[in-house]
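S.K.: structure for the following, please:
(2 chains)
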Protein chains: 2
Amino acid sequence: MSRFWSDTARRLTPYVPGEQPRMDKLVKLNTNESPYGPSPRAIEAIARAASEDLRRYPDPNSEALKAALARYHSVTPAQIFVGNGSDEVLAHAFMALLKHDAPLRYPDITYSFYPVYCGLFGIEAAPIPLTDALEIDPADYVGGAGPIIFPNPNAPTGRLLPIAAIEQILAANPDVPVVIDEAYIDYGGEAAIPLIDTHPNLLVTRTFSKSRALAGLRVGYAVGSAELVEGLERVKNSFNSYPLGRPAQAGAIASVEDEPHFRDSCARVIASREWLGRALTELGFEVLPSGANFVFARHPNHTGVALAAALRERAIIVRHFKLPRIDDYLRITVGTDEECAALVEALKELV
Amino acid sequence: MSRFWSDTARRLTPYVPGEQPRMDKLVKLNTNESPYGPSPRAIEAIARAASEDLRRYPDPNSEALKAALARYHSVTPAQIFVGNGSDEVLAHAFMALLKHDAPLRYPDITYSFYPVYCGLFGIEAAPIPLTDALEIDPADYVGGAGPIIFPNPNAPTGRLLPIAAIEQILAANPDVPVVIDEAYIDYGGEAAIPLIDTHPNLLVTRTFSKSRALAGLRVGYAVGSAELVEGLERVKNSFNSYPLGRPAQAGAIASVEDEPHFRDSCARVIASREWLGRALTELGFEVLPSGANFVFARHPNHTGVALAAALRERAIIVRHFKLPRIDDYLRITVGTDEECAALVEALKELV
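M.R.: You can find the predicted model right below:
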């Protein structure tokens, strides 16, 4: 603690991201990155953006990127907000939309950045427990008063809600902002974006870091009513006029325009996820059904922390959360087929 | 206004950045970009970062970039903070360091983002008037109670304080954070960075957008005591774990390591600034002494708004601020010699 820090800086408990170790030959299955590269067209576009033009500021409003995303999702550019990764988009959403008098509702087990944002912006939270099966029960979101945020599929469980459950939650909460964090929706889930036209309180956030394999570029976005997007723009324009540089805007546009590469990568990850789930089940793991690019699994005879440590000795890194209810689980990113096989081989020896 | 917005979103008055028009053949002298390109080594490094590796998250702590900046400034990496442009660095500084019980002090005429940050973070401000000559008088910062921020050279006046004046302000304010925004220091000013070792309350912010000609990449940083930097890191890690993508980190490192290109660009801009100042004086303008890559000038017989509009008709864009005390002035970025000559020719016809 320093006397020069503000009260805000003093009371924070910062987020701890998954480790980014600098070891060669590592099987890195801890931060849900895509095992396949980004669109070659995105790589080309970023390389082209490496030019003398970098002396100029980028478009502060990322209009070309918003137009590309609007075409992709069949919405208008005024319904698109972009930011420096979906974490920045979420941060702005917490500040612009989720701070109200009634406490914010989110699952007790979810993306662990949500309570951090609450700490940063002084937002009171009222976490809602998942069911014993680690599921979001839409009925638990009926009858409350505060805004709502949850990922679909949820993190780190991977469990997916069907669109009917989303509609049930929206129907019960027309008067407060509802943010659905669809970081992992491209791996088989049904998107909530078509619901924005009938629900002016709905914001859906997305990232280029997972299914578009551009975690290293830092681009995220949100889709919602023009009314919600305007609230986000007000905060963004009071924080940083130019969140996306020229390489980021160019690369993101090219990625959105390469549908075949995107579809193919997602399909391969989904196939590997199903294989990995079956292989882990055969080893005695309890594997939650996953709609994401990772699986969440525990073994009846081994603690999560012991398995994670033993895998690390074999140069395989997975994520383990020391949190109530889930500390026996491992969150394992779906890697390439070779990486998944190496993980299964290692676990075979361990369990 | 929307009922879904937070009180914060409702009460904001967002910042308005200088226009980024998409016209060809424009003489664009409105946003203080470098007239010369970035280091060719930076361009190469960004192009190399356009690879399959983009599927991986970047280093969340930008350690290689911090090490390069620490070497450059002869400080330790723990004394360096990096962010997505110096605007993001400033935003974090307002939140982490400049929000205290006593109101924040800054010049009444200064970077117009400061009051916007105050609005965003609920910080009370106590602006201190510049002298009649539009100078910061260090004596005006003696005897007050709150934290302090100002640019040196100041914006949009371009006026530079000598290091002795900075030391006078620091000596009078050992108990509150003092942030010096050195966005334009490379054009002939003396840096305050060597003072951080004796002043644990001093933070100096820098940008890659001006003298390093990388406005399109979005990289800024701060240098200060490890104590202040830790406060910034706490806020950053509660907001966005990965503010700098791989291309940004790679390009910034290469830029810092190309000293000859940097020195040469700055020297050329300084020479052009002196020429431009003399040419404007000959046309009857009153030109403030500038330590930046722009000049701030007014003409006794013409309003700033009229001159800016007339220049725009000739496809020359400069910045004009509709603000008390300075609305007769134009802020003119130092362009290439050809751009400066085109501006002077146009003004010759107009005045």
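S.K.: C-alpha from now on. contacts and neighbour counts both.
M.R.: Will do.
S.K.: could you pull out the buried residues of stretch A:343-351?
M.R.: A:343-344, A:346 (16 or more other Cα atoms under 10 Å in any protein chain shown).
S.K.: A:Lys66: how many residues sit nearby?
M.R.: Look at A:Lys66: counted by other Cα atoms under 10 Å in any protein chain shown, it has 21 neighbours.
S.K.: sorry, slip of the keys, the one I care about is A:Leu283.
M.R.: Counted by other Cα under 10 Å, the residues lying close to A:Leu283 total 15.
S.K.: mind checking the SS state of the closest residue to chain B within the stretch 251-351 of chain A?
M.R.: Closest residue of the stretch 251-351 of chain A to chain B, Cα to the nearest Cα: A:Gly251 (9.1 Å). For A:Gly251, the assignment made with DSSP: H, G, I helix; E, B strand; the rest coil gives helix.
S.K.: ok, now which ones touch it?
M.R.: Contact partners of A:Gly251, counting by Cα atoms under 8 Å, 6 or more residues apart in numbering or on different chains, are A:41-46, A:217.
S.K.: ok, of the residues you listed, which come out buried?
M.R.: Among the contacts of A:Gly251, those buried by neighbour count (16+ other Cα under 10 Å) are A:41-46, A:217.
S.K.: which among those gets closest to B:Leu29?
M.R.: Among the buried ones among the contacts of A:Gly251, A:Ile46 lies closest to B:Leu29 (Cα to Cα), at 26.5 Å.
S.K.: sorry, back to before: could I get the contacts of A:Gly251 as a markdown table with pLDDT and distance to chain B?
M.R.: Listed next are the contacts of A:Gly251 as a markdown table, based on pLDDT from 0 to 100; distance: Cα to the nearest Cα, whole Å:
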| residue | pLDDT | distance to chain B |
| --- | --- | --- |
| A:Arg41 | 98 | 11 |
| A:Ala42 | 98 | 8 |
| A:Ile43 | 98 | 5 |
| A:Glu44 | 98 | 7 |
| A:Ala45 | 98 | 8 |
| A:Ile46 | 98 | 6 |
| A:Leu217 | 98 | 5 |
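S.K.: relative to A:Pro156, how far out is A:Arg319?
M.R.: 9 Å (Cα to Cα, to the nearest Å).
S.K.: joint contacts of the two?
M.R.: With contacts taken as Cα under 8 Å, 6+ apart, A:Arg319 and A:Pro156 have A:Arg331 as neighbours in common.
S.K.: outline the domain layout of chain A.
M.R.: Domain assignment of chain A by automatic domain parsing yields the ranges A:19-37+A:260-350, A:40-257.
S.K.: wait, is A:Ala165 part of a helix?
M.R.: Yes - assessed with three-state DSSP, A:Ala165 lies in a helix.
S.K.: which one of the contacts of A:Gly251 is nearest to B:Ile80?
M.R.: Among these, A:Leu217 lies closest to B:Ile80 (Cα to Cα), at 22.1 Å.
S.K.: centre of the chain to the worst-scoring helix or strand of chain A on mean pLDDT, how far?
M.R.: Lowest by mean pLDDT, DSSP states H and E among the helices and strands of chain A is helix A:7-11, with a mean of 93. Centre-to-centre, helix A:7-11 and its host chain are 26 Å apart (Cα atoms, centre = their mean, to the nearest Å).
S.K.: try stretch A:65-72
M.R.: With Cα atoms, centre = their mean as the basis, stretch A:65-72 stands 20 Å off its chain's centre.
S.K.: do stretch A:26-44 as well
M.R.: How far stretch A:26-44 lies from its chain's middle: 15 Å, per Cα atoms, centre = their mean.
S.K.: all helices of the stretch 1-150 of chain A, in order?
M.R.: Remark: helices assigned in the stretch 1-150 of chain A by DSSP state H, counting those that start in this stretch are A:7-11, A:40-49, A:63-73, A:86-96, A:113-121.
S.K.: right, so those: which one is the most enclosed?
M.R.: helix A:86-96 (a mean of 25; mean count of other Cα atoms under 10 Å in any protein chain shown).
S.K.: helix A:113-121 and that one, what's the angle between them?
M.R.: 50 degrees (axes from the mean of the first three to the mean of the last three Cα atoms, to 10 degrees).
S.K.: hmm, who's touching helix A:86-96?
M.R.: Residues contacting helix A:86-96 (Cα under 8 Å, 6+ apart): A:81-83, A:117-118, A:121, A:205-207, A:218-222, A:231-232, A:235-236, B:5-9, B:239-241.
S.K.: avg pLDDT for it?
M.R.: Here helix A:86-96 scores 98 as its mean pLDDT.
S.K.: and A:Pro194, how many neighbours?
M.R.: Other residues lying near A:Pro194 total 14 when counted by other Cα under 10 Å.
S.K.: any part of the top helix by length along chain A near chain B?
M.R.: Of all segments of type helix in chain A, defined using DSSP state H, the longest is helix A:259-282. No - figure legend: helix A:259-282 not in contact with chain B (Cα under 8 Å from any Cα of the partner chain); closest approach 11.9 Å.
S.K.: check which helices and strands that helix is in contact with.
M.R.: Secondary-structure packing of helix A:259-282 (3 or more Cα pairs under 8 Å, 6 or more residues apart in numbering or on different chains; DSSP states H and E): strand A:286-287, strand A:294-298, helix A:337-350.
S.K.: what's it in contact with?
M.R.: A:35-36, A:39, A:186-188, A:211-212, A:255, A:286-287, A:293-295, A:334-337, A:340, A:344.
S.K.: quick check: residues of the stretch 151-300 of chain A near chain B?
M.R.: Taking Cα under 8 Å from any Cα as the contact definition, the stretch 151-300 of chain A meets chain B at A:175-177, A:201, A:209-210, A:212-218, A:227-228, A:231-232, A:234-235, A:237-247.
S.K.: just those residues: which are in helices?
M.R.: Filtering these for membership in helices, criterion DSSP H, returns A:227-228, A:231-232, A:234-235, A:246-247.
S.K.: nearest to A:Tyr57 among those?
M.R.: Of all those, A:Arg246 has the smallest distance to A:Tyr57: 7.9 Å, by Cα to Cα.
S.K.: from memory that closest one sits against A:Glu52, does it?
M.R.: No - under the criterion of Cα atoms under 8 Å, A:Arg246 makes no contact with A:Glu52, lying 11.3 Å away.
S.K.: look at the two and report which has more neighbours.
M.R.: Set A:Arg246 next to A:Glu52 and count neighbours by other Cα under 10 Å: A:Arg246 wins out with 28 against 16.
S.K.: now do the contacts for the more buried one.
M.R.: Contacts for A:Arg246 (Cα under 8 Å, 6+ apart) come out as A:49, A:54, A:57-59, B:216-217.
S.K.: can you put those residues in CSV and add distance to A:Leu276?
M.R.: Output for the contacts of A:Arg246, formatted as CSV (distance: Cα to Cα, whole Å):
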residue, distance to A:Leu276
A:Ala49, 38
A:Leu54, 43
A:Tyr57, 45
A:Pro58, 42
A:Asp59, 43
B:Gly216, 42
B:Leu217, 39
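S.K.: what's the farthest-apart pair in those residues?
M.R.: By the measure Cα to Cα, A:Ala49 and A:Asp59 form the most distant pair in the contacts of A:Arg246, at 13.2 Å.
S.K.: spit out the contact partners of A:Ser62.
M.R.: A:Ser62 neighbours (Cα under 8 Å, 6+ apart): A:82, A:244, A:249.
S.K.: return the members of the ones in helices among the residues of the stretch 151-300 of chain A next to chain B classed as buried.
M.R.: Here, 16+ other Cα under 10 Å leaves A:227-228, A:231-232, A:234-235, A:246-247 buried among those.
S.K.: low-confidence stretches in the stretch 151-300 of chain A?
M.R.: Across the stretch 151-300 of chain A, nothing is flagged by pLDDT under 70.
S.K.: what about A:Ala50, neighbour count?
M.R.: A:Ala50: 26 surrounding residues under other Cα under 10 Å.
S.K.: quick one: pLDDT of it?
M.R.: For A:Ala50, the model assigns a pLDDT of 98.
S.K.: re earlier: got the contacts of A:Ser62 as TSV, with neighbour count columns?
M.R.: Below are the contacts of A:Ser62 laid out as TSV (neighbours: other Cα atoms under 10 Å in any protein chain shown):
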residue	neighbour count
A:Val82	29
A:Leu244	29
A:Gln249	26
